[in-house]
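S.K.: Quick one: sequence and predicted model below, then my questions.
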Amino acid sequence: MSLLDKASLVQIPSGYKEDKLYSVVPDSGAGDFTFSRSSTGTRVNADGYIEDAPWNLLNYSEDLTGANGWRQDLGLTTQLTTEINPIGVNSCYKTIADTNTNTHYTYSTNAIGNLSYFGGFCVSFYAKPNGYNWIRYYNNNNAFGVDINIVTGEIQNKREDSIGTILVEDAPNGWKKVSLQFDRLISYSYAMLKPMPTALGNSTFAGDGVSGMFLWGIQISKGLNFKPYIKRTDGFDVPRLDYSGGASCPTLLLEPQSTNLVTQSETFSNWGTEGGKQVVTQGVLISPDGTLNGNKLETYNSTNSNPRKLWIAKTVTVGASYTFSVYIKQVSGQINSGFLHITTGANDTFDVSQAYTATDQWQRVSVTTNSAVSSQIRFLITGDANSQIYIWGGQVEQQSYPTSYIPTSGTSITRVEDLCVATSMTDLIGQTEGVVNLKFQKEYTDTYRIFSLFGTSTSNRIGLYTLNDTLRVFSISGGVSQFDTTVLSSIGNGTFNIALQYKLDDYKVYVNGNEVYTNTTAAIPASLEDILFAQTPTGGSPFYHKIDYLRLFKETLTDTELAALTTI
């Protein structure tokens, strides 16, 4: 019997869906976590590219009712049916075209917004004949239209200047998956589908009042890479499994709320230039999100001796921390060095500066002021004379460290905080003894960040937390603190694998293979129910770190086992 066979719960970030993070043990769903964020976020995917989470931009991707953001044009109705869908569930929608001469299409205006950016996008949907074999996908101004026969794969009326790859693939239960790649700058807000008796392009037709097509699982995603389908309902609560740094196994990314104050984070179109001719050329190379929307920043010689600058000014809170970050990459054969600056005011007196030297790989550089001097400050990129670098993903946020990238296009955007909890888990938590084993990555110094096993109230709980550069453990039983102590000081950033063992008068803590704390006079909390990456089930001091895994045991372990469990 292996050590992990003793575990009552094993949470290794892997399977997920909207609102849910699956546990490996138990595999019945009894140990799954509830996840919420209420906004999009970004992650680094397994291919090393930054992508949206969720990447499906369409809300209600399996619900074509008019009540949920989908509309039907004159002459078309959609009906929920019990036809078996591609995942084996008796639920999908069918379209019916009436006998009047009309356009007969269904369209969604929700959650897409204005997809105006370089790099293209992909569309996919599942379809099955119900009298009609042809379907047209297009947008609100028909600039990206194509007719597709889902039975034969025939293509007609294709806009050759915008549509790239088109795939029609077999899917389970008699369905077809249609995938389309659109490879140029776009500006639209409608996703439109038009089942037809034949290839009609934009023409109207009269239906028979019976025929149409079954539809299910519609998706639109940024970029030129086809992504697996992910269901969207009414929200954005999709966990972010992050592969930063070329990781082969993902971590669960948990972050605070943050707002990107830069309103054109990818085009830099509203940034100012000074000190000579400084030019941003848009869409010249593949950016960190895998699309053709990276920019070249050129600095030329000038008779003016002032530094060459690309800058943006922001109104900020005096005394607050602000971090400015941007992705950079070298232009081959050119000078690729310079600085990021944050000023003390509207002038160019620098508060803090960070030197950079670009390499042949995209890297994120940042600079932070821990106390803004003025309510009006500027954030600048400067280059040495004649320097050229590629830039992408500018971000200014009221944080003491850079959080994950928040894309913007016209307005500032807020990413809401992550919250991950599992409630009513009494059967998986040792009530009289047990072990919590948590491996996580600390990347920044911050205030209270708490993981806890929680009873019926804050009067009974046990857990651990990071506080600035310390790692601490605590236990509260019947409202009485049993201990709240530092087990490691001056820890900085890095990976920590901690095991907290609890039993009446027998507490032990191991970190990275070493025993760091014991307590032989402490009681244990009563009626532990919830597993929280936070202080309480509703939040409070969430555990904003990257989570490698969490394991629970309902029994104590030997010293040898605790050391083995935490060795990295």
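M.R.: That came through fine. Quick caveat: nothing in here was measured; it's all calculated off a predicted structure.

S.K.: If you count neighbours, what's buried in the helix or strand residue 466 falls within?
M.R.: Assignment of secondary structure by DSSP states H and E places residue 466 within strand 461-468. Of the residues in strand 461-468, 461-466 count as buried by neighbour count, 16 or more other CB atoms under 10 Å. For the C-beta atoms, the positions are set from N, CA and C on the backbone; glycine is no exception.

S.K.: which one among the residues you listed gets closest to residue 62?
M.R.: Ranked by distance to residue 62 (CB to CB), these are led by residue 463 at 38.2 Å.

S.K.: Quickly note the distance from the closest one to residue 282.
M.R.: 48 Å (CB to CB, to the nearest Å).

S.K.: Likewise for residue 562?
M.R.: In terms of CB to CB, residue 562 sits 55 Å off from residue 282.

S.K.: Ok, residue 322 next?
M.R.: 26 Å.

S.K.: Likewise for residue 332?
M.R.: 19 Å.

S.K.: cool, and residue 55?
M.R.: According to CB to CB, residue 55 and residue 282 sit 23 Å apart.

S.K.: Show the subsequent helix or strand relative to the strand holding residue 466.
M.R.: Proceeding N to C from strand 461-468, the next assigned helix or strand is strand 470-477, under DSSP H and E.

S.K.: Neighbour count: residue 562 and residue 282, which is higher?
M.R.: Shown here are residue 562 and residue 282; by other CB atoms under 10 Å, residue 562 has more neighbours (23 against 16).

S.K.: Now for the nearest residue in space to that one that is not next to it in sequence: which residues touch it?
M.R.: The spatial neighbour of residue 562 that comes closest, neighbours along the chain excluded (CB to CB, 6 or more residues apart in numbering), is residue 510 at 4.5 Å. Taking CB atoms under 8 Å, 6 or more residues apart in numbering as the criterion, residue 510 is in contact with 498-499, 501, 516, 562-563, 565-566.

S.K.: Now, those that are in helices?
M.R.: Using DSSP state H, the members of the contacts of residue 510 that fall within helices are 562-563, 565-566.

S.K.: Just send these back as CSV, with pLDDT and distance to residue 103 too.
M.R.: Formatted as CSV, the ones in helices among the contacts of residue 510 follow (pLDDT from 0 to 100; distance: CB to CB, whole Å):
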residue, pLDDT, distance to residue 103
562, 98, 68
563, 98, 69
565, 97, 63
566, 98, 64
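
S.K.: now those residues as CSV including distance to residue 237?
M.R.: Listed next are the ones in helices among the contacts of residue 510 as CSV, based on distance: CB to CB, whole Å:
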residue, distance to residue 237
562, 35
563, 38
565, 31
566, 31
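
S.K.: Those residues, buried ones only, as a ChimeraX selection?
M.R.: Buried residues among those (16+ other CB under 10 Å), as a ChimeraX selection:
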select :562,563,565,566
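
S.K.: nearest to residue 126, of the ones in helices among the contacts of residue 510?
M.R.: Nearest to residue 126 among those: residue 565, at 44.1 Å, using CB to CB.

S.K.: Test my guess that the closest one contacts residue 6.
M.R.: No. Between residue 565 and residue 6 there is no contact under CB atoms under 8 Å: 10.1 Å.

S.K.: Tell me the residues that contact both of these two, please.
M.R.: residue 557.

S.K.: Cross-check the contact I'm expecting between residue 77 and residue 95.
M.R.: Yes. Using CB under 8 Å, residue 77 is in contact with residue 95, at 7.3 Å.

S.K.: Could you list every helix and strand in contact with the strand holding residue 466?
M.R.: If contacts are counted by 3 or more CB pairs under 8 Å, 6 or more residues apart in numbering; DSSP states H and E, strand 461-468 sits against strand 433-442, strand 446-454, strand 470-477, strand 494-503.

S.K.: So which of those is nearest residue 273?
M.R.: Using CB to CB, the nearest of these to residue 273 is strand 446-454, at 35.1 Å.

S.K.: what pairs with that closest one, and is each one parallel or antiparallel?
M.R.: strand 461-468 (antiparallel), strand 530-532 (antiparallel) (DSSP bridges).

S.K.: Direction-wise, compare that strand with strand 433-442 and give the angle.
M.R.: Per axes from the mean of the first three to the mean of the last three CA atoms, to 10 degrees, the angle that strand 446-454 makes with strand 433-442 is 150 degrees.

S.K.: weakest of the helices and strands packed on strand 461-468 by average pLDDT?
M.R.: With a mean of 94, strand 446-454 has the lowest mean pLDDT of the helices and strands packed on strand 461-468.

S.K.: Confirm that residue 427 sits in a strand.
M.R.: No. Per DSSP: H, G, I helix; E, B strand; the rest coil, residue 427 lies outside any strand segment and is helix.

S.K.: Not counting its neighbours along the chain, what's nearest it?
M.R.: That would be residue 30: by CB to CB, 6+ apart, it lies 7.3 Å from residue 427.

S.K.: What are the phi and psi values at that neighbour?
M.R.: phi -70, psi -20 (degrees, to the nearest 10).

S.K.: Let's verify the residue nearest to residue 562: helix, strand, or coil?
M.R.: Under three-state DSSP, residue 510 comes out as strand.

S.K.: thinking again about what came up before, pLDDT on the strand holding residue 466, on average?
M.R.: For strand 461-468, mean pLDDT is 96.

S.K.: Quick check: what element follows the helix or strand harbouring residue 51 along the chain?
M.R.: Using DSSP H and E, residue 51 falls within strand 50-53. Sequence order places strand 70-72 as the next helix or strand after strand 50-53, per DSSP H and E.

S.K.: Output the contacts of residue 510 as CSV; include the columns distance to residue 299.
M.R.: Shown next, in CSV, are these (distance: CB to CB, whole Å):
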residue, distance to residue 299
498, 48
499, 53
501, 58
516, 51
562, 56
563, 55
565, 53
566, 50
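
S.K.: Farthest pair within the residues you listed?
M.R.: Using CB to CB, the contacts of residue 510 reach their maximum pairwise distance at 516 and 565, which is 13.8 Å.

S.K.: now, which of the ones in helices among the contacts of residue 510 sits nearest residue 349?
M.R.: residue 566 (48.8 Å).

S.K.: Mind splitting this protein into its structural domains?
M.R.: 3-41+419-566, 66-222, 259-414 (automatic domain parsing).

S.K.: what's the closest of those domains to residue 47?
M.R.: domain 259-414 (7.1 Å).

S.K.: so how far does the closest one reach from one end to the other?
M.R.: End-to-end distance for domain 259-414: 4 Å, by CA to CA, to the nearest Å.

S.K.: one step back: which one of residue 77 and residue 95 has more residues nearby?
M.R.: residue 95 (27 against 16).

S.K.: Can you pull the phi and psi angles for that one?
M.R.: phi -100, psi 150.

S.K.: Might you list the low-confidence residue ranges for the stretch 1-150 of the chain?
M.R.: Applying pLDDT under 70 to the stretch 1-150 of the chain flags the ranges 1, 109-119, 140-144.

S.K.: Try it again at 90.
M.R.: Across the stretch 1-150 of the chain, the ranges flagged by pLDDT under 90 are 1-2, 18, 38-40, 54-61, 63-75, 103, 105-122, 138-145.

S.K.: ok, which stretches of it are helices?
M.R.: Assigned by DSSP state H, counting those that start in this stretch, the stretch 1-150 of the chain shows no helices.

S.K.: returning to that earlier point: can you check which of the domains of the chain gets nearest to residue 49?
M.R.: Nearest of those to residue 49, taken as CB to CB: domain 259-414 at 3.7 Å.

S.K.: quick check: mean pLDDT across the closest one?
M.R.: On average, domain 259-414 scores 89.

S.K.: Residue 91 contacts residue 79, correct?
M.R.: No. With contact defined as CB under 8 Å, residue 91 and residue 79 do not form a contacting pair (11.7 Å).

S.K.: Pull up the distance across stretch 549-563, start to finish.
M.R.: Stretch 549-563 stretches 16 Å from its first residue to its last (CA to CA).
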